[in-house]
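Peer 1: build me a structure from this.
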Amino acid sequence: MSRYHGKAHRSFDSEGTSIGVSPPLSPPRHPVYFVQSPSRSESQDGEKPSFHSTPLALSPTASPLHYSFSTDAVRTAPKPGSRRVLPQPTSGVASIRQPSQKKGYVPWTPGTIIEEEEQLASSAKKKGLSRWCMFLISFLFCILLLTIGALIFWLVCQPHSPRLLVKDVMFKELEVVPGTDEGVPTRVLTVNCTILLTLSNPSQYFGVHVSASEIDLVYSELVVGTGQVPKFYQPKDSERTFSVNVAGIKLPLYGAGPSLQSITDAGGGVPFHLGGVLQSRAYVFWKFVKPKFRNYISCDVIVNSSGMAFLKLIQKACSYTRN
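Peer 2: As a prediction, this is how the structure comes out:
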């Protein structure tokens, strides 16, 4: 009995020493560090991961003890508002072994958002227009708007062409005498007459600017006198009468001289033709919209050359054309 009791006592002492080295049930006096790693088999099956804990060291002299236990029994409930983030595979092999995810799932990788923002910013800079291009586009757009507005205004308030009328023709001088032209004997004509013209502007919104133009006096297709129409401004909805002096001094008649001489000697009527064009312009929208008008006159007149009715107008027939 004493031998057995002695062996049992030594066995009890050895077990007590072994138990003394192992961590007690109460919290350890010295800090114990654990390294937790997920189980590969469980993460592949999609179950809750279990952790194997390995103490790094208990004391400088104690040999490390390796044991594993499951933390499922001591897992505590997560704090409200917190969530657990599982490690995401980044390598090609790990992504192949990743379990099937929901449709539309995109794994998150660090720096993705910053890279996308940089790409968007660089693309915006490349596609953006320069300031000069924007200024040119704005300038052209403003010109287009002004042109469209001017055209609409012109269509609504379109100016009408002025009306030109030959009111009277008065001859002051008519003389045919023999003469020479560069040593060649011929008959020469001296004529002087005044033409009264009336110009009316029927437009209710725009005035017209009349340009200088000429009126010719013709005898047998030969220009024997020329008159100059003065330049003036005709206000809107107004009428104006002005005169043009047409004169010719000692103009050689050449082949037409004998016929004109015979008419004046007999005291008959001398036929003349008056013709010319009156040009005018209306400024609707400054100098951008300025329609131009032309008034053509053509008059056939006959002048008495004898007796008490000398230089009296016998006949006058005029026609007018506007465009």
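
Peer 1: and the next helix or strand past the biggest helix by length in the chain?
Peer 2: If you go by DSSP state H, the chain has its longest helix at helix 131-156. Next helix or strand after helix 131-156 toward the C-terminus (DSSP states H and E): strand 163-181.

Peer 1: strands paired with that following strand, and their directions?
Peer 2: strand 184-201 (antiparallel) (DSSP bridges).

Peer 1: return the set of buried residues in the partner strand.
Peer 2: 186, 187, 188, 189, 190, 191, 192, 193, 195, 197, 199, 201 (16 or more other Cβ atoms under 10 Å). From N, CA and C alone the C-beta is placed, and that goes for glycine too.

Peer 1: can you add pLDDT and distance to residue 166 and give those back as a markdown table?
Peer 2: As requested, the buried residues of strand 184-201 are exported to a markdown table (pLDDT from 0 to 100; distance: Cβ to Cβ, whole Å):
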| residue | pLDDT | distance to residue 166 |
| --- | --- | --- |
| 186 | 88 | 31 |
| 187 | 90 | 29 |
| 188 | 92 | 27 |
| 189 | 92 | 22 |
| 190 | 93 | 23 |
| 191 | 94 | 17 |
| 192 | 95 | 17 |
| 193 | 95 | 12 |
| 195 | 96 | 6 |
| 197 | 95 | 6 |
| 199 | 95 | 11 |
| 201 | 94 | 17 |
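
Peer 1: so which of the residues you listed comes closest to residue 136?
Peer 2: Closest approach between these and residue 136, by Cβ to Cβ: residue 201, at 40.4 Å.

Peer 1: and of the buried residues of strand 184-201, the nearest to residue 275?
Peer 2: Nearest to residue 275 among these, counting by Cβ to Cβ, is residue 195 at 11.2 Å.

Peer 1: quick one: list the elements packing against the longest helix of the chain.
Peer 2: On a contact count with 3 or more Cβ pairs under 8 Å, 6 or more residues apart in numbering; DSSP states H and E, helix 131-156 meets no helix or strand.

Peer 1: and residue 218, how far from residue 255?
Peer 2: Relative to residue 255, residue 218 is positioned 15 Å away (Cβ to Cβ, to the nearest Å).

Peer 1: these two: which has the busier surroundings?
Peer 2: Legend: neighbour count by other Cβ atoms under 10 Å for residue 218 and residue 255, higher for residue 218 (15 against 9).

Peer 1: check for me that the more buried one belongs to a strand.
Peer 2: Yes: if the criterion is DSSP: H, G, I helix; E, B strand; the rest coil, then residue 218 is within a strand.

Peer 1: that one reaches residue 273, doesn't it?
Peer 2: Yes: using Cβ atoms under 8 Å, residue 218 is in contact with residue 273, at 4.3 Å.

Peer 1: circling back to that earlier point, pLDDT averaged over the longest helix of the chain - what is it?
Peer 2: Mean pLDDT, computed over helix 131-156, is 86.

Peer 1: ok, residue 273 to residue 318 distance?
Peer 2: Residue 273 is 11 Å from residue 318, where distance means Cβ to Cβ.

Peer 1: burial measure for residue 130, as a count.
Peer 2: Residue 130: 8 surrounding residues under other Cβ under 10 Å.

Peer 1: which regions of the chain lie under the pLDDT threshold?
Peer 2: Within the chain, the segments meeting pLDDT under 70 span 1-129.

Peer 1: show me where it has strands.
Peer 2: All strands of the chain, identified by DSSP state E, fall at 163-181, 184-201, 208-210, 213-219, 222-229, 232-234, 238-252, 269-281, 292-304, 313-322.
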